[in-house]
Structure formats: C-alpha cells, structure tokens
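Asker: Whatever this is, show me its structure:
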Amino acid sequence: MADLVLTAPVLEKTRREIDQALIKAGAHMVLLVDEAGNIVTSCGKDSSVIDTTSLAALAAANFGATCQIAQLIGEDDFSLLFHKGKKDSVHFTRIEPDFILITVFGEQVSLGLIRVRVGELARTLEKILGF
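Answerer: This next block holds a predicted model:
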C-alpha cells in the first residue's frame, strides 16, 4: 500500500457516501477495509451483532485466496466476490488499489441493486481517497 493519510474529513465523507449509496438502499452493514483486513470505516448495523474484526480479516484473506485462483485460470485478479446465504448475503468488491468494500444485505434487497450502487460508490470512493 502506498503512503495514504486518511483524515477525519475524508473518513466522514467516505461514511456519508457509503450511507447514501448502500445503507439507505437497505444494506445491513458496510465495511471499508484495507487489504490486510484492518477496518477503515463501518456503517450500518451495530457491530455487536456481527464480529466485524473477523469479517474484515476473513474478507481480506478471501480476496488473497481468490487472487491466486484467478491467476491459475489466467486472470490477474477478481474484482468482486459474492456469497449468498438463506437470509443474508455478502458482496465484496475491490476499491483500487488497496481497499475492499464489504456489503452485508438481506433478501429484501436485490443483488442487482447492490451491484449498481457499489459500482457507482467505488468510483466515488476512488476519487475521495485520491486514486
């Protein structure tokens, strides 16, 4: 990761954008984590409901493993991952070059809506973070 300083105003703007794009669309929780699994910011459901520290670490490890799978089949990387559960699902996407956006949402929110909103949000966050 390149040297990057995240100031309070940048983090607040990031939280505001995440809230507008995903939480207000019905996502339960959204985490922005670095590639090592450290939480940069979180929005939505109280973290006492979900172990966000473990979720962040496992998401980073998941991206690391799938990067190796991608290379085995001739791809550079996979930019997004999706896991569907019976009542909740998790969508992961890379925010270039050093972050992962984790979105937890229920069956009342469509994957299509999440994908569209995450795509728009990713471009916005890249600008905010200076990529």
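Asker: how about low-confidence regions in this structure?
Answerer: Judged against pLDDT under 70, the low-scoring parts of the chain cover residues 1-3, 47-48.
Asker: what bridges to the residue nearest the centre of it?
Answerer: The chain has L101 as the residue nearest its centroid, 1.0 Å off, counting by C-alpha atoms, centre = their mean. Judged by DSSP bridges, the bridge partners of L101 are L32, T93.
Asker: Would you mind measuring from it to V33?
Answerer: 8 Å (C-beta to C-beta, to the nearest Å). To be clear about C-beta, it is placed using only N, CA and C from the backbone, and glycine gets the same treatment.
Asker: returning to what we had before: in this structure the residue nearest to the centre of the chain contacts L80, no?
Answerer: No: with contacts counted by C-beta atoms under 8 Å, L101 stays clear of L80, the gap being 9.2 Å.
Asker: which helices and strands sit right next to the lengthiest helix in the chain?
Answerer: In the chain, assigned by DSSP state H, the helix with the most residues is helix 52-72. Counting contacts by 3 or more C-beta pairs under 8 Å, 6 or more residues apart in numbering; DSSP states H and E, helix 52-72 is packed against strand 29-34, strand 39-44, strand 80-84, strand 88-95, strand 99-106.
Asker: Can you work out which residues contact both of L101 and L80?
Answerer: Here L101 and L80 share the contacting residues 92-94, 118, scored by C-beta atoms under 8 Å, 6 or more residues apart in numbering.
Asker: between those residues, which is nearest T66?
Answerer: F92 (9.1 Å; C-beta to C-beta).
Asker: what number of residues lie near that closest one?
Answerer: Residues near F92, counting by other C-beta atoms under 10 Å, number 22.
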